[in-house]
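Enquirer: This is a predicted model, with the sequence first.
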Amino acid sequence: MSDYNLKTMMDKPERLAPGHRMCAGCGATIAVRAVLRALHEEDHAVIGNATGCLEVSSFMYPYTAWEDSYIHNAFENAGATLSGVETAYRVLKKRGKLPADVNFKFITFGGDGGTYDIGFQSLSGAMERGHDMVYVCYDNGAYMNTGIQRSSATPMYADTTTTPVGKASDGKLQNRKDLASIIADHDVAYVAQTTFTTDFKDIHQKAERAIYTEGASFLNIMTPCPRGWRYEAADIMKICRLAVETCYWPLFEVDHGRWKLSYEPKKKLPIEDFLREQGRFKHLFKKGNEHLIQQFQEEVDRRWEELLYKTAR
């Protein structure tokens, strides 16, 4: 997208209708609307959706909030389902059984539970085979639909229902999985990590590149969850800004193997600025837990330096 115009993007017809049952201020629906806004108006889409918050709240048979063709997948097979649909489309098009002037794009959505964990095998296969499709992970850092259980996307020391903070526990003990880098190692056409910036330029541009780059593409979008992260819903943009400015959630893309940094903070903020805004980390600010914040900071710094090395090559 050469000349970015926010008003033009926002004026496009919505492909996710209002009236769904997602929580007020949910990051997932903001991500979906931003991704679908990148579709060219003349193009059609087939949408896949793994079981999760987004599915149960946007599709209540026989009603759906989706304006495009929509498939509800089981928790674990969103990648496999859309790769099969994309293959069938190519075959039918080649045989002349579909109009030559009608174009379909294939986009599937899954939360981090259905992407990082349960659906990873299906995702990996679809990416490795190179299907012309986009897999979008709306990453809210836990299994939110079933009660805020930890996933491999959950950050270290987060308080969840399966990693509860108490006298014998400081929350989740493991670091979060770096899924965008793992998918980039599949040698796919396009991978990007993004979230909501002030003018939405980053997510809009990356979504368009993912959709219109031939081959397999993957978007990892941080989508804060006010209930699971425990912050005021109105503060979602503040949370996203702090995630980027502390380098907890760096913005980057990998275009045909070439790593590119999308944004580098002029002054990298300390990780406690991001953690302090969320109730799931409030135990880290109790006296005697300073070393836990320091460990978190060291891991963020390590990953940031690794990303700078990759993008400098």
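Expert: Structure received. Residues are numbered from 1 along each chain as shown.

Enquirer: what's the pLDDT at S2?
Expert: At S2, the pLDDT value in this model is 54.

Enquirer: Same question for S169.
Expert: 96.

Enquirer: can you check the one 4 residues further on too?
Expert: Here the pLDDT value assigned to L173 is 96.

Enquirer: For the nearest residue to it once chain neighbours are set aside, give its distance to N5.
Expert: Excluding the flanking residues, the one nearest L173 by C-beta to C-beta, 6 or more residues apart in numbering is M156, at 7.0 Å. Yep, even glycine has a C-beta here, placed from its N, CA and C like the rest. As judged by C-beta to C-beta, to the nearest Å, M156 and N5 stand 40 Å apart.

Enquirer: neighbour-wise, which of these two wins?
Expert: Under the neighbour definition other C-beta atoms under 10 Å, M156 and N5 were set side by side, and M156 has more, 18 against 11.

Enquirer: Help me confirm that that one comes into contact with T163.
Expert: No - M156 is not in contact with T163 according to C-beta atoms under 8 Å; the separation is 9.8 Å.

Enquirer: Spell out which residues are contacts of both of those two.
Expert: Residues within reach of M156 and of T163 at once, by C-beta atoms under 8 Å, 6 or more residues apart in numbering, are G171, K172, L173.

Enquirer: Out of those residues, grab the one that's most surrounded.
Expert: Top of those by neighbour count (other C-beta under 10 Å): K172, with 24 neighbours.

Enquirer: For it, give me its contacts.
Expert: R150, T154, P155, M156, Y157, A158, T160, T163.

Enquirer: can I get these in a markdown table with pLDDT and distance to G110?
Expert: Listed next are these as a markdown table, based on pLDDT from 0 to 100; distance: C-beta to C-beta, whole Å:
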| residue | pLDDT | distance to G110 |
| --- | --- | --- |
| R150 | 98 | 17 |
| T154 | 98 | 16 |
| P155 | 98 | 19 |
| M156 | 98 | 23 |
| Y157 | 98 | 25 |
| A158 | 98 | 20 |
| T160 | 98 | 19 |
| T163 | 98 | 22 |
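
Enquirer: who wins for most neighbours among the residues you listed?
Expert: T154 (29 neighbours).

Enquirer: which stretch of helix or strand covers it?
Expert: Using DSSP states H and E, T154 maps to neither a helix nor a strand.

Enquirer: swap in the one 3 residues further on?
Expert: With the criterion set as DSSP H and E, no secondary-structure element contains Y157; it sits in neither a helix nor a strand.

Enquirer: Quick check: the gap between it and A142.
Expert: 13 Å.

Enquirer: closest to T311 among the contacts of K172?
Expert: Distances from T311 to these, taken as C-beta to C-beta, are shortest for P155 (22.4 Å).

Enquirer: so what's the closest one up against?
Expert: G141, K172, N175, R176, Y248, F296.
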